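Enquirer: Let me see the structure of the following:
(one chain, ligands or ions: 2)
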Amino acid sequence: MAANQALRQLVPPSLSAKVEGSFAYLTVRDRLPTILTRVIDTIHRNKNKFFEEFGEEGVQAEKRTIGFLSKLRNELLTDKPVLVLCDGLEDTDSWNQYLQRQQRLLGERDPVSWFKSPWLYIECYMYRRIQEAIWLNPPISDFDVFNESKTQSFFESQQAVISLCTYLQGFNRNMDDLSETQLMEQFHKLLQVSLWGNRCDLSISAGMENSQKASPIDSLSDLKSFILVDDSNMVWSALTSAQRPGEDGKTTPGRVDIVLDNAGFELVTDLVLANFLVSAGLAREVRFHGKSIPWFVSDVTAHDFQWTIRQTLAANHKWMSKSGVQWQSYVRDGVWSYHDHPFWTMPHEYCDMAGDAPDLYATLQGADLILFKGDLNYRKLTGDREWDHMVPFDRALRGFGPAPLCSLRTLKANIQVGLQPGQGENLNTQEPSWMTSGKYAVVQFSSPHREQ
Ligand code: F6P
Ligand code: MG
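Expert: Ligands and ions are numbered 1, 2, ... in the order given. Here you go, the predicted model:
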């Protein structure tokens with residue numbers, strides 16, 4: 001135990017834009033201002049809509065919001081100190097306390113600023129400031145600045161969505177004839193579809209179109225060699241060992257929580273996986289966790305979740321629409337549920353969750369398996385730190401483990417743990433951008449009992 005505690009204290013520094021030329025530096029210097037410019041442009045393009053809805057008051061709010069966001073972009077570009085939030089919302093105090101925490105870490109000499117602070121903090125802060133600009137300017141406070149790109153990405157993936165729903169309905173019809181081995185094979189396939197669905201986020205492309213065109217199932221075997229760590233057998237074991245004998249003699253499966261990432265095609269892959277888990281008797285309940293505010297361009301909010309199910313249901317395609325009907329009935333019957341919590345849009349590493357969001361931690365403890373989707377969740381799981389590639393995943397989690405968990409992530413930030421000796425070095429030589437191109441992926445599992 002003492003050895004474990006000592007290990008936890010040996011923590012490498014956070015990734016930061018202060019390292020010139022690093023991916024964090026380039027993100028803060030180039031990608032974040034581009035995203036802000038696109039947000040400003042979106043608000044401007046919606047001026048007529050605001051006028052139609054709210055009259056002159058809407059136009060004035062549009063102007064003020066653009067003023068706030070232009071100031072924000074200027075603060076970022078000129079490395080100004082990070083400012084306290086002043087919108088008086090549920091999480092405002094926590095954000096301001098977090099700023100004080102960062103200031104203490106930095107010492108009193110320099111103020112916490114955009115290029116000198118941890119990248120994870122700064123990037124989350126930008127999205128929270130965008131939201132502040134919107135909230136402080138009623139009557140347009142409900143406007144989701146990323147909604148257009150999220151819906152566009154859904155429609156652009158239509159063919160891939162149709163082929164996935166057709167595939168899902170195909171084995172749903174034959175589920176009873178599947179042997180245990182065939183069931184396991186289907187599970188592995190759909191887990192991989194959900195994994196590769198994570199390629200389609202709109203933050204890495206600074207909001208530019210990045211949707212799935214090809215049939216996802218057909219590409220799986222070609223993509224297999226790009227999975228650097230594949231713990232999916234452990235995920236399967238976690239699911240099957242969660243099955244308990246019920247009073248009626250039948251087995252009852254466990255609860256699976258999915259911490260969602262992006263809307264559009266990725267969300268459909270997650271819903272298809274969740275549908276399979278329930279219909280195959282591998283989960284009795286699936287809880288989805290999403291964001292309570294628009295986040296990192298494409299992340300799922302409650303509205304995106306419901307909208308996606310409604311669109312699928314209303315599709316002019318038999319199997320797509322049948323999938324939507326099924327999903328809606330899962331939601332209606334409480335088999336599926338959507339949850340959000342302010343902690344998901346805070347900048348904390350997940351090892352802080354037990355202390356800073358004990359209610360959320362306790363909720364997650366009720367799961368038999370938690371799937372964490374995407375790159376940002378991986379950064380938060382591992383603290384977004386300069387870990388050596390060979391550090392075990394369990395160690396990088398630094399005690400975070402409310403339940404058995406698995407990260408399904410395509411690599412889009414320069415952090416990766418849990419590799420074999422030499423694996424990282426080889427990739428560095430062959431393909432210097434391997435950690436940020438989205439070409440590689442990991443399925444990394446950890447169980448609370450396996451901490452090292
Ligand atoms: O802006 C960088 C980043 O945080 C990267 O980590 C990643 O490219 C993206 O944003 C978010 O990716 P994801 O949607 O997979 O969490
Ligand atoms: Mg995302």
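Enquirer: Point out the residues in the stretch 201-350 of the chain that sit beside ligand 2.
Expert: The stretch 201-350 of the chain comes close to ligand 2 at residues 201, 261, 262, 296, 299, as judged by Cβ under 5 Å from the ion. In short, each C-beta sits where N, CA and C put it, glycine included.
Enquirer: Just the buried subset of those, written out for ChimeraX, thanks.
Expert: The following ChimeraX line selects those of these that are buried, judged by 16 or more other Cβ atoms under 10 Å:
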select :201,261,262,296,299
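Enquirer: Go through the residues of the stretch 201-350 of the chain next to ligand 2 and say which is closest to ligand 1.
Expert: Nearest to ligand 1 among these is residue 201, at 3.2 Å by Cβ to the nearest ligand atom.
Enquirer: any chance of the residues of the stretch 201-350 of the chain next to ligand 2 in CSV, plus pLDDT and secondary structure?
Expert: Formatted as CSV, those follow (pLDDT from 0 to 100; DSSP: H, G, I helix; E, B strand; the rest coil):
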residue, pLDDT, secondary structure
201, 57, coil
261, 97, coil
262, 96, strand
296, 97, coil
299, 97, strand
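Enquirer: hang on, residue 125 packs against residue 346?
Expert: No - using Cβ atoms under 8 Å, residue 125 is not in contact with residue 346, being 10.1 Å away.
Enquirer: Pick the one among the residues of the stretch 201-350 of the chain next to ligand 2 closest to residue 120.
Expert: residue 296 (11.4 Å; Cβ to Cβ).
Enquirer: Now do the closest one against residue 404, distance only.
Expert: 26 Å (Cβ to Cβ, to the nearest Å).
Enquirer: With residue 134 instead?
Expert: Counting by Cβ to Cβ, the gap from residue 134 to residue 404 is 38 Å.
Enquirer: what are the phi and psi values for residue 404?
Expert: With angles defined as degrees, to the nearest 10, residue 404 sits at phi -50, psi 140.
Enquirer: Likewise for residue 113?
Expert: Backbone phi and psi, for residue 113 under degrees, to the nearest 10, turn out to be phi -140, psi 170.
Enquirer: How about residue 39?
Expert: The phi/psi pair for residue 39 (degrees, to the nearest 10) is phi -60, psi -50.
Enquirer: dump the residue contacts of it.
Expert: 69, 130, 145, 146 (Cβ atoms under 8 Å, 6 or more residues apart in numbering).
Enquirer: Quick one: the helices in the stretch 301-450 of the chain, in order.
Expert: 302-313, 318-332, 353-356, 358-364, 374-381, 393-396, 423-430 (DSSP state H, counting those that start in this stretch).
Enquirer: Reformat those helices as a markdown table; add mean neighbour count and mean pLDDT.
Expert: Output for these, formatted as a markdown table (neighbours: other Cβ atoms under 10 Å; pLDDT from 0 to 100):
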| stretch | mean neighbour count | mean pLDDT |
| --- | --- | --- |
| helix 302-313 | 19 | 98 |
| helix 318-332 | 17 | 98 |
| helix 353-356 | 16 | 98 |
| helix 358-364 | 15 | 98 |
| helix 374-381 | 24 | 98 |
| helix 393-396 | 22 | 98 |
| helix 423-430 | 13 | 96 |
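Enquirer: Out of those helices, which is closest to ligand 1?
Expert: That would be, of the helices of the stretch 301-450 of the chain and by Cβ to the nearest ligand atom, helix 374-381, which comes in at 3.3 Å.
Enquirer: What is the closest one packed up against?
Expert: strand 405-410 (3 or more Cβ pairs under 8 Å, 6 or more residues apart in numbering; DSSP states H and E).
Enquirer: Tell me the pLDDT of residue 413.
Expert: pLDDT recorded at residue 413 is 96.
Enquirer: that older thread, what do residue 125 and residue 346 both touch?
Expert: residue 95.
Enquirer: The two: which has the busier surroundings?
Expert: More neighbours surround residue 125 than the other of residue 125 and residue 346, with 24 against 19 (other Cβ atoms under 10 Å).
Enquirer: Can you report phi and psi for that one?
Expert: The phi/psi pair for residue 125 (degrees, to the nearest 10) is phi -60, psi -40.
Enquirer: circling back to that earlier point, now render the helices of the stretch 301-450 of the chain as TSV, adding distance to residue 16.
Expert: As requested, the helices of the stretch 301-450 of the chain are arranged in TSV below (distance: least, Cβ to Cβ, whole Å):
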stretch	distance to residue 16
helix 302-313	31
helix 318-332	41
helix 353-356	21
helix 358-364	27
helix 374-381	13
helix 393-396	17
helix 423-430	20
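Enquirer: Go through the ones you listed and name the closest to residue 178.
Expert: Closest among those, using Cβ to Cβ: helix 318-332, at 17.8 Å.
Enquirer: So what touches the closest one?
Expert: 161-162, 165-166, 168-170, 172, 271-272, 274-275, 278, 286, 309-315, 336-338.
Enquirer: any idea of the angle it forms with helix 302-313?
Expert: Here helix 318-332 runs at an angle of 140 degrees relative to helix 302-313 (axes from the mean of the first three to the mean of the last three Cα atoms, to 10 degrees).
Enquirer: Could you check how far residue 385 is from ligand 1?
Expert: 14 Å (Cβ to the nearest ligand atom, to the nearest Å).
Enquirer: Now that residue: closest residue in space that isn't a chain neighbour?
Expert: residue 12 (4.7 Å; Cβ to Cβ, 6 or more residues apart in numbering).
Enquirer: Count the residues that sit near the one you found.
Expert: 12.
Enquirer: give the contact list for it.
Expert: 385, 386, 387, 388.
Enquirer: give me that answer again for 7 Å
Expert: 385, 386, 387 (Cβ atoms under 7 Å, 6 or more residues apart in numbering).
Enquirer: close enough to count as contact, the second one and residue 13?
Expert: The reference is to residue 386. Yes - under the criterion of Cβ atoms under 7 Å, residue 386 makes contact with residue 13 at 5.6 Å.
Enquirer: Compare those two (neighbour count), which wins?
Expert: residue 386 (15 against 10).
Enquirer: how much space is there between that one and residue 14?
Expert: Residue 386 is 8 Å from residue 14, by Cβ to Cβ.
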